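Undergrad: model the structure of this input:
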Amino acid sequence: MVSPAARIAFNLSFFYGAIFASVGIFLPYWPVWLESRGLSVVEIGLIIGASYWPRIITSLVIPNLADRFRRRRFLMTLSAGLTLILLLIFSLVSDFWLFMLLGLLMGATWSCILPLADAISLERTAALGLDYGRVRLWGSITFILMSIFGGIALEQTGVSSIFVLLVLTTGLTLVACLFMPEEPHAATSSEPASLRRLFRRTDLWVLVMASSLIQASHTLLYNFGSIHWRSGGLSETIIGWLWAEGVIAEVLFFLVSAKLIVRLSLGRLLVIAGALAVVRWMLIGHFSSLPLLIFTQALHAASFALTFLATVHYIRETTPPELQASAQGFYVAVGFAPLSGVVSLISGWLYNTWGGEAFFIMALMAAAGTVLAFALPSVTKEASR
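TA: Predicted coordinates:
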């Protein structure tokens with residue numbers, strides 16, 4: 001008989017596997033699909049950038065409502081269903097401004113899902129003595145598989161296969177939301193789940209800005225990495241493997257991360273992640289050979305995975321249970337979304353003007369986040385509760 005802990009671990013792993021299967025298609029190949037619809041690189045940057053701006057509101061409001069009413073799973077499922085509908089409408093339009101409108105709406109619905117899921121997962125894994133990193137790594141594994149499969153599908157069957165894969169994986173995400181565990185307990189504090197409590201925290205502002213600068217420095221790669229590598233003569237299959245390699249490094253890090261994040265200060269881990277992100281963008285700006293790209297993609301274990309884990313665990317360790325989803329949404333709304341939105345809006349112009357040298361600007365962003373991370377207080381993830 002399957003134990004409750006094993007069932008919850010499976011459901012959480014299934015969710016991350018489903019949503020990052022969709023991300024594994026979206027990040028590398030969504031710009032390619034938009035390009036196939038006759039859009040320029042500047043227009044693609046504007047459309048992708050538009051998806052970030054609604055998150056400033058929805059990533060605050062929706063998780064806070066979920067905390068207040070303990071309805072995280074319901075709001076996740078609703079958001080996933082609306083995202084699927086909006087995605088289907090994308091195939092019916094051709095006007096640039098309609099693409100922009102759909103990008104805005106889909107950014108609003110899609111962005112709510114992960115903050116709610118992370119709040120549930122961090123809460124349940126801590127309560128059951130599970131390793132969050134080993135649950136989350138299933139998302140990285142499906143990202144790998146879908147980025148490889150997407151490259152093969154694109155090369156063999158054409159760009160229309162990308163849209164089909166996006167619809168299928170987004171539908172699977174909707175199903176996975178239905179199986180997420182509900183919150184088993186009431187809030188442990190008599191204080192309301194008020195966003196004002198988060199806005200008053202200086203350390204949270206420092207964390208959010210430091211982490212967001214490092215994470216937003218990935219935006220140019222996410223938006224134009226595939227297009228840049230194609231212009232350098234790499235095949236779609238090799239590009240798929242390059243995306244996969246970055247996430248393989250991420251998976252390997254998640255497997256060994258538990259001891260690292262328990263023993264070292266989460267702020268110092270963020271400093272290490274930011275410094276290695278700077279190295280990554282400085283090197284990728286000199287794209288000249290496949291071996292160099294292989295090395296820079298391996299640094300994804302630090303620039304993304306270490307940044308991500310240090311951030312979510314800092315929030316988990318310093319935020320009361322009744323504000324967990326709100327705090328995860330706070331990070332997206334006031335830091336990651338606006339910064340990534342700005343970079344996306346100008347990324348088409350940056351890449352069109354400077355090509356690979358635009359990655360040097362991403363290195364400066366990551367360096368700024370690294371400097372900010374030095375101001376974080378010393379907080380270490382608890383080994384058990």
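
Undergrad: hey, let's count contacts and neighbours off CA atoms from now on
TA: Fine.

Undergrad: show me the contacts for Trp229.
TA: By CA atoms under 8 Å, 6 or more residues apart in numbering, the contact set of Trp229 is Ile239.

Undergrad: and whichever strand or helix holds it, average pLDDT?
TA: Here Trp229 is covered by helix 219-231, with elements defined by DSSP states H and E. Per-residue pLDDT over helix 219-231 has a mean of 84.

Undergrad: from the chain's centroid, how far away is it?
TA: Here the centre of helix 219-231 is set off from its chain's centre by 17 Å, with CA atoms, centre = their mean, to the nearest Å.

Undergrad: how about stretch 322-338?
TA: Average the C-alpha atoms of stretch 322-338, do the same for its chain, and the two points are 13 Å apart (CA atoms, centre = their mean).

Undergrad: which outside residues touch that stretch?
TA: Outside of stretch 322-338, the residues within contact range by CA under 8 Å, 6+ apart are 52-53, 55-60, 63-64, 66-68, 112, 115-116, 118-120, 187-189, 192-195, 198, 208-209, 211-213, 215-216, 312, 315-316, 319.

Undergrad: quick check: the spatially closest residue to Arg72 that is not a sequence neighbour vs Pro321, distance?
TA: With sequence-adjacent residues excluded and distances taken as CA to CA, 6 or more residues apart in numbering, Arg72 is closest to Ala66, at 4.8 Å. Using CA to CA, to the nearest Å, Ala66 is found at 12 Å from Pro321.

Undergrad: look at the two and report which has more neighbours.
TA: Regarding Ala66 and Pro321, a neighbour count based on other CA atoms under 10 Å identifies Ala66 as having more, with 22 against 19.

Undergrad: show me the contacts for that one.
TA: With contacts defined as CA under 8 Å, 6+ apart, the neighbours of Ala66 are 72, 75, 116, 325.

Undergrad: ramachandran angles for it?
TA: Here is the backbone geometry of Ala66 (degrees, to the nearest 10): phi -60, psi -40.

Undergrad: low pLDDT regions in the chain?
TA: With pLDDT under 70 as the threshold, the chain has low-confidence stretches at 1, 183-193, 287-288, 379-385.

Undergrad: by residue count, tell me the biggest helix in it.
TA: Longest helix in the chain by number of residues (criterion: DSSP state H): helix 4-36.

Undergrad: and it, what's buried?
TA: 8-9, 11-35 (16 or more other CA atoms under 10 Å).

Undergrad: tell me the buried residues in stretch 34-44?
TA: Of the residues in stretch 34-44, those scored as buried under the neighbour-count criterion (16+ other CA under 10 Å) are 34-35, 39, 41-44.

Undergrad: how close does the residue nearest to Arg72 sit to Leu116?
TA: Distance, Ala66 to Leu116, by CA to CA: 8 Å.

Undergrad: anything in contact with each of these two?
TA: When CA under 8 Å, 6+ apart defines a contact, the residues bordering Ala66 and Leu116 alike are 72, 325.

Undergrad: verify the contact between His300 and Val251 for me.
TA: No - using CA atoms under 8 Å, His300 is not in contact with Val251, being 10.1 Å away.

Undergrad: how about the buried residues of stretch 34-44, which pair is most distant?
TA: When those are compared pair by pair using CA to CA, the farthest-apart members prove to be Leu34 and Val42, with a separation of 11.3 Å.

Undergrad: about what we covered before: among the buried residues of stretch 34-44, which one lies nearest to Val135?
TA: Leu34 (32.4 Å).

Undergrad: the buried residues of stretch 34-44 in helices, which ones?
TA: Of the buried residues of stretch 34-44, the ones assigned to helices by DSSP H are 34-35, 41-44.

Undergrad: distance to Leu376 added to those, as JSON lines?
TA: Formatted as JSON lines, the entries for those read as follows, by distance: CA to CA, whole Å:
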{"residue": "Leu34", "distance to Leu376": "40"}
{"residue": "Glu35", "distance to Leu376": "41"}
{"residue": "Val41", "distance to Leu376": "38"}
{"residue": "Val42", "distance to Leu376": "37"}
{"residue": "Glu43", "distance to Leu376": "38"}
{"residue": "Ile44", "distance to Leu376": "36"}
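
Undergrad: list just the nearest of those residues to Trp138.
TA: For these, the closest approach to Trp138 (CA to CA) belongs to Leu34, at 28.0 Å.

Undergrad: just give the nearest non-adjacent residue to that closest one, would you?
TA: The shortest distance from Leu34 to any residue that is not its chain neighbour, by CA to CA, 6+ apart, is 6.7 Å, and that residue is Ile44.

Undergrad: go ahead and confirm that neighbour touches Trp30.
TA: No - the pair Ile44 and Trp30 does not pass the contact test of CA under 8 Å, sitting 9.4 Å apart.

Undergrad: okay, the angle between the longest helix of the chain and helix 219-231?
TA: Between the direction of helix 4-36 and that of helix 219-231, the angle (axes from the mean of the first three to the mean of the last three CA atoms, to 10 degrees) works out to 60 degrees.

Undergrad: and helix 4-36, what does it pack against?
TA: Of the remaining helices and strands, those touching helix 4-36 by 3 or more CA pairs under 8 Å, 6 or more residues apart in numbering; DSSP states H and E are helix 41-50, helix 113-128, helix 132-157, helix 160-178, helix 219-231.

Undergrad: so which of those helices comes closest to Leu105?
TA: When the helices and strands packed on helix 4-36 are ranked by proximity to Leu105, the top entry is helix 41-50, at 8.9 Å, counting by CA to CA.
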